[in-house]
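>>> Sequence first, then the predicted structure, then my questions.
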Amino acid sequence: MKNGIPTLVAAALTVFIAGTPASSAHADTRSPTIVVVNQSWEAHEAEGLRVLDWVAAHSPDRMPIGRNGRVTVEQVKKFARTRRSSSETSAPPGGLPDKGSQGEEYNVENTLPDGTTQTWSYRWTEPSTGHGGRWEMVGYSYRKGDDPLNVR
């Protein structure tokens, strides 16, 4: 990041996954498409603050410990080729998704100036009825930084 302008790390990466069962005569030969989007901001920038607020709202027991570092977001979307995904029109990572599609992932990393890092991983889950759903935290990690200037 230079001069306060956020950097788009990777716009989109499409991966096709092969996996047609040979034993099924009626198997759908169409593979899902996976799109990965990454974006970063300084935590004090408007988008960085919105992402950290989103994390705080979705993980009140694992809130961000600082807002003076760098926030990186990765969103992994899976699109079935046979039907349009409900999240296909949702905003990119900084758009803070309110909804998703089954199995979609949303990952956030907050790196503070001393190297301390917090990461959160969320997955969209839907009940068996297919109505509703929510972002469920499926992973969290914390690593203490080692900046010698902050050692007392």
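Structure received. Since the model is a prediction, treat every value here as computed from it, not as a measurement.
>>> Please enumerate the helices of this protein.
46-58 (DSSP state H).
>>> how many neighbours does the closest residue to T33 other than its chain neighbours have?
Closest residue to T33 apart from its sequence neighbours, by Cβ to Cβ, 6 or more residues apart in numbering: F79 at 4.6 Å. (Glycine included, C-beta is placed from N, CA and C.) Using other Cβ atoms under 10 Å, F79 is surrounded by 17 other residues.
>>> Likewise for G139?
Count around G139 with other Cβ under 10 Å applied: 11.
>>> Would you mind confirming that it makes contact with S121?
Yes. Counting by Cβ atoms under 8 Å, G139 touches S121, with 3.6 Å between them.
>>> picking up where we left off before, and the pLDDT at the residue nearest to T33?
Turning to F79, the model gives it a pLDDT of 70.
>>> Likewise for the one 5 residues further on?
The score at R84 is 47. That number is its pLDDT.
>>> The residue nearest to T33 reaches S31, doesn't it?
No. Counting by Cβ under 8 Å, F79 stays clear of S31, with 10.3 Å between them.
>>> Just name the shakiest helix or strand of this protein by mean pLDDT.
Ranking every helix and strand in the chain by mean pLDDT, DSSP states H and E puts strand 10-16 at the bottom, with a mean of 31.
>>> what sits against R70?
1, 40-43, 48, 110-111 (Cβ atoms under 8 Å, 6 or more residues apart in numbering).
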